[in-house]
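Chemist: 3D, please:
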Amino acid sequence: MTIASFKRLILTISTVCLFIFISGCAQKQTYYPVYENPTNIKWIAEDIDGKPIEGFTHIWMRLDDNGKIYGSGGCNSFRGEYSRTNGQFNTGPLAMTRKACPKNIALQEFKFMQALERVQTMQERNGMLYMEGDGNSLLFYKGH
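Modeler: Predicted coordinates:
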């Protein structure tokens, strides 16, 4: 093997390795389904006011076609009514069980319920449900 052919071989191998490295660093495409109707879906909270859900707390809600909302704040169950008219989202009075909860979970649940009661807009983007109102925000993903 001549020095010129050895240099071509090294250059070819280097190019292939560089291509493999660059393709491995490419941004991964994530598929988020688009939901046309947010009702009859279990929505699991991902964050409250931009802060992630703490610990293993399972905060979720479901909106039914008939204007009923129910779910869990992480410790207690809640239910009530909601309405969506002309882009405005409102919850009616929400009833909640009153279990004794650990202090950090109770505080997170309080913040969730406070934000949920203040929601004025609801929008789906990239498979996520965004709710906002009165300085509060909630972010949900589709549950199973």
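
Chemist: after the helix or strand of the chain with the lowest mean pLDDT comes which helix or strand?
Modeler: Every helix and strand in the chain was compared by mean pLDDT, DSSP states H and E; the lowest is helix 3-24, with a mean of 71. On the C-terminal side of helix 3-24, the nearest following helix or strand under DSSP states H and E is strand 42-48.

Chemist: Give me the mean pLDDT for that following strand.
Modeler: The average pLDDT for strand 42-48 rounds to 96.

Chemist: Show me which residues of that strand are buried.
Modeler: For strand 42-48, the buried set under the neighbour-count rule, 16 or more other C-beta atoms under 10 Å, comprises Trp43, Ile44, Ala45, Ile48. Every C-beta, even on glycine, is put in place using the N, C-alpha and C of the backbone.

Chemist: Could you do stretch 85-104 as well?
Modeler: Neighbour counts over stretch 85-104 (16+ other C-beta under 10 Å) mark Phe89, Thr91, Leu94, Cys101 as buried.
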